[in-house]
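Undergrad: what would the 3D arrangement of this be:
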Amino acid sequence: MANELLRLLPSIDLLLARPIAVKLSISLRHDRVRDLAREVTDQLRREIASGRWPDSSGSSEDVQADSAITAEIERRLEQSAERLVRRSLRRVVNATGVILHTNLGRAPLAQAAIDAIGDVTGSYSTLEYDLGAGERGHRESHCQELLARLVGSESAIVANNNAAAVMLVLNTLADGGEVIVSRGELIEIGGSFRIPDVMEKSGALIREVGTTNRTRIADYENAINDNTRLILRVHPSNYRITGFTERPSVDEIVGLSRRRGIPAYEDLGSGCLIDLASYGVSNEPVVSESLKAGISVVSFSGDKLLGGPQAGIIAGSQALIGRVGKNPLMRALRVDKMTYAALEATLRIYERGSAAVEVPVIRAIAAGQAEIHERAKRFTQDVVRVSGGRVKVTLEDGESVIGGGSAPEVSLGTVLAALQDSQMSAASLAEYLRMNVVPIITRTERDRVLIDLRTVAADEEAIILDAFAALARSSTNTGPSTEVKGRGLQA
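TA: Numbers count the residues shown, from 1 in each chain. Presented below is the predicted three-dimensional model:
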C-alpha cells in the first residue's frame, strides 16, 4: 500500500498551480510557498513510507487515492503558511484572574496611553525637540515635572525597567563604594533578577547587615565607614518573612541618613502612586510617602501597580537625579518615544484622579466581588446559549491575585465560572481556547476550566463567546443540560 501511495504524491509544480498555493502566494513569496510545499510533501512521504499515514485504522479505500493525498498536502501547506504569517507577539485574553501576569505582558495599558502611542509613532514627534526654543531638547524632560508633582520629588528620570533603574542609581551614587543593605532584603524576583547580582554589576560593594529575619537600625549605623556611599532599603515585593522579625522603619533609615550625611535609597519595586488599601491591597508602600518621609531617592516599576508601560522610574532630589541623568549608562538604558507617550498619558490619568476608572490594573483591583458576580452570571448564561448546551457551567467563589511580584499575600475575592465540556477534557478545552484566533488563557482545576472575569475586559467577553459558539458548530451533540448555581443564584 505504501508504494502505491508514494506514486500518487503530486509534483511540486502541480501543487503550486492549485488554488490554495496561488492564494498563499499573495501573502508569501512564491519561492517561500514552493519551499513549504516541498517540506510538507517530504514530511508526508516519510509518514507514508513508515506506515504512519494513513493511520492504522485506515485502508487504501479510505484514502481515496490521489485526491486524499493532495487534500492532505494542501491542508498542511495552509497550516504551515498560517504559522509563518501569524505574529509571534499577539494579543491574548487573560481569563486567569492574575492581574499582573508577567508571562502575559503585565499591565494592559489604558486607552489614553494606547491613543498616545499611536499619535507619536504614526508621525514625527517632539521626542528631542524644544518647541519654545526651536532647537534640540532632551527626551528626559517629557515626564519629569509630571512625575515630580505626582510623587512629591524635586526631580525624576525614566529608565527602561526597574532593574535598569537600580543599576543606574547604584552605579551613579556608589560605584567603588559600599552600600549597606539588610540580609533580609537581598531578594530575587522573576527571571532570576537578584539584587546582589545587580549591585555587583553596578560596581557597588555590598555591605550586608543584620540577619535574614531581624535587622535593627543599629546594624546599619555600626556598618558605616569612610567608604560608605549609600544606605539601601528594598521592598520585598514578592515574598514576606513572618514570625520573629524586625526591620527598621523608613523614619529610622531617614534619621540615620541625615545624621551621617549618607543618601538613603529605597527600591520600591511595584510603585504604587495611590493607596490601594481600600481595595484590599495593603502593605504596598505609596511612592510619595517614602519621599515625604525624607528618603533621598526611590525607584519603582512603571508596568506593575502603576499600570503603565515597562519602565523604571527614579525620583528624588534634584542633585541626585541630575547625577543619574549624566551617567553614560543612561543612554544605554533610556526609553523610547512610545514609552514616554504611554507613561505620560497614564500619569495624567492619575493627575485627574480617575485611575480606578481608566487604568485597567487599578480598575481590576477595585472591582468588587458583587460586581464580578453580576458579570459572571450574565456571562455564564451566554455561554450556555452559544454553546448549544454542550458546556456545563457553575459559579463559585474564588480568589484573584495581583501577580507580577507584587503583594504576594493579597488575594481578592472573586466569582469564577467553572466550565466542563461534555465531549472533551478540561485540558483539551483549555487548549482549544488557547488556540483560538485571539488566544484565551484560562486555568484548570479538578477537570474544569476556570474563567475569572476580573481580568477580562468587558469587550473581550464576546471573544470568549465566539470561541464557544464555534465549538458548538463543530458538533451536533447538545450534551447535558447546563446548570447555573452559586453565590446569589439560589433563588
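
Undergrad: chain center to stretch 268-284: distance?
TA: What separates the centre of stretch 268-284 from the centre of its chain is 18 Å, taken as C-alpha atoms, centre = their mean, to the nearest Å.

Undergrad: show me what counts as buried in stretch 153-173.
TA: Neighbour-count burial for stretch 153-173 flags 153, 155-173 (criterion: 16 or more other C-beta atoms under 10 Å). Placement of C-beta: from N, CA and C, glycine included.

Undergrad: so which of these are in strands?
TA: Under the assignment DSSP state E, the buried residues of stretch 153-173 contribute 155-159 to strands.

Undergrad: Ala107: which of these is nearest?
TA: Val158 (15.6 Å; C-beta to C-beta).

Undergrad: check contacts around that closest one.
TA: Listed by C-beta atoms under 8 Å, 6 or more residues apart in numbering, the contact set of Val158 reads 140, 143, 147, 302, 311-314, 334-335, 339-340, 343.

Undergrad: now Lys292
TA: Gly152.

Undergrad: so when I look at Asp275, I'm seeing a strand, right?
TA: No - applying DSSP: H, G, I helix; E, B strand; the rest coil, one finds Asp275 to be coil, outside a strand.

Undergrad: which residue packs closest to it, ignoring adjacent ones?
TA: Leaving aside its chain neighbours, Asp275 sits nearest to Val286 (5.4 Å; criterion: C-beta to C-beta, 6 or more residues apart in numbering).

Undergrad: and Gly420, which of the three is it?
TA: No Gly there; residue 420 is Gln. For Gln420, the secondary structure call by three-state DSSP comes out as strand.

Undergrad: any idea how far Val297 is from the closest residue to it other than its chain neighbours?
TA: Residue nearest to Gln420 in three dimensions, not counting chain neighbours: Lys392, with 4.4 Å by C-beta to C-beta, 6+ apart. For Lys392, the distance to Val297 equals 55 Å [C-beta to C-beta, to the nearest Å].

Undergrad: those two: which has the busier surroundings?
TA: Val297 (28 against 20; other C-beta atoms under 10 Å).

Undergrad: which pLDDT value belongs to the more buried one?
TA: Confidence at Val297, expressed as pLDDT, is 98.

Undergrad: any idea how far it lies from Ile157?
TA: Distance from Val297 to Ile157, counting by C-beta to C-beta: 10 Å.

Undergrad: now swap in Arg90 and tell me
TA: Counting by C-beta to C-beta - Arg90 and Ile157 are separated by 32 Å.

Undergrad: still on that earlier bit, so the residue nearest to Gln420 lies in a strand, does it not?
TA: Yes - per three-state DSSP, Lys392 lies within a strand segment.

Undergrad: so the residue nearest to Asp275 touches Gly271, yeah?
TA: No - counting by C-beta atoms under 8 Å, no contact exists between Val286 and Gly271, whose distance comes to 9.3 Å.

Undergrad: comparing the two, which residue is more hemmed in?
TA: Of the pair Val286 and Gly271, Gly271 is the one with more neighbours under other C-beta under 10 Å, namely 29 against 18.

Undergrad: for that one, give me its contacts.
TA: Going by C-beta under 8 Å, 6+ apart, the list of residues near Gly271 reads 162, 287, 300-302, 304-306, 313.

Undergrad: quick one, phi psi at it?
TA: phi 80, psi 70 (degrees, to the nearest 10).

Undergrad: helix, strand, or coil at the closest residue in space to it that isn't next to it in sequence?
TA: Excluding its sequence neighbours, the residue lying closest to Gly271 (C-beta to C-beta, 6+ apart) is Phe300, at 2.9 Å. Of the three states, Phe300 takes strand under three-state DSSP.

Undergrad: now do the contacts for Phe300.
TA: Applying C-beta under 8 Å, 6+ apart to Phe300 gives the contacts 162, 165, 267-271, 287, 306, 312-313.

Undergrad: just to revisit the earlier point, quick check: neighbours shared by Val297 and Ile157?
TA: Common contacts of Val297 and Ile157, defined by C-beta under 8 Å, 6+ apart, comprise 314-315, 321, 324.

Undergrad: understood, closing this out.
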